[in-house]
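> Sharing a sequence plus its predicted fold:
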Amino acid sequence: MPTRKFLTLPALLLLLSSATSAPPEPTAPLTAKTFAQVQKQIKPQADESRWITVPWFLDLHAARQKAAAEGKPLFIYSSGGATSIGSC
């Protein structure tokens with residue numbers, strides 16, 4: 001007797017989603033004019049990285065003293081102990 005093979009639900013959903021999606025539209029070639037436009041869009045803007053304006057402390061003792069003097073909480077950001085690799 002021949003065995004029947006059934007699709008699992010994830011396989012069926014993948015098959016249906018790939019069958020109904022439209023093919024991607026071709027993109028225009030990159031020229032000097034379009035490069036300038038794209039670069040302007042992807043370059044970080046002055047108001048995007050506001051965290052850079054925060055006065056970060058590298059010395060924990062100094063940060064604790066300042067927080068205690070101003071009655072403010074202390075936020076500590078750590079990169080998992082990898083302090084010798086520099087900023088990323």
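Sure thing, it's come through.

> got the CA positions of the strand or helix carrying A68 in PDB?
Element membership for A68, per DSSP states H and E: helix 60-70. The C-alpha coordinates for helix 60-70 follow below in PDB (Å, rounded to 0.1, in the frame of the first residue of the first chain):
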ATOM      1  CA  LEU A  60      32.700  54.300  38.800                       C
ATOM      2  CA  HIS A  61      33.800  56.000  42.000                       C
ATOM      3  CA  ALA A  62      33.400  59.500  40.400                       C
ATOM      4  CA  ALA A  63      30.000  58.500  39.100                       C
ATOM      5  CA  ARG A  64      28.800  57.300  42.500                       C
ATOM      6  CA  GLN A  65      30.000  60.500  44.200                       C
ATOM      7  CA  LYS A  66      28.200  62.700  41.600                       C
ATOM      8  CA  ALA A  67      25.000  60.600  41.800                       C
ATOM      9  CA  ALA A  68      25.000  60.700  45.600                       C
ATOM     10  CA  ALA A  69      25.700  64.500  45.700                       C
ATOM     11  CA  GLU A  70      22.800  65.200  43.300                       C
END
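
> buried residues in it?
A63 (16 or more other CB atoms under 10 Å). Yep, even glycine has a C-beta here, placed from its N, CA and C like the rest.

> what's next to it, contact-wise?
Helix 60-70 has contacts (CB atoms under 8 Å, 6 or more residues apart in numbering) with 57, 73-74, 76.
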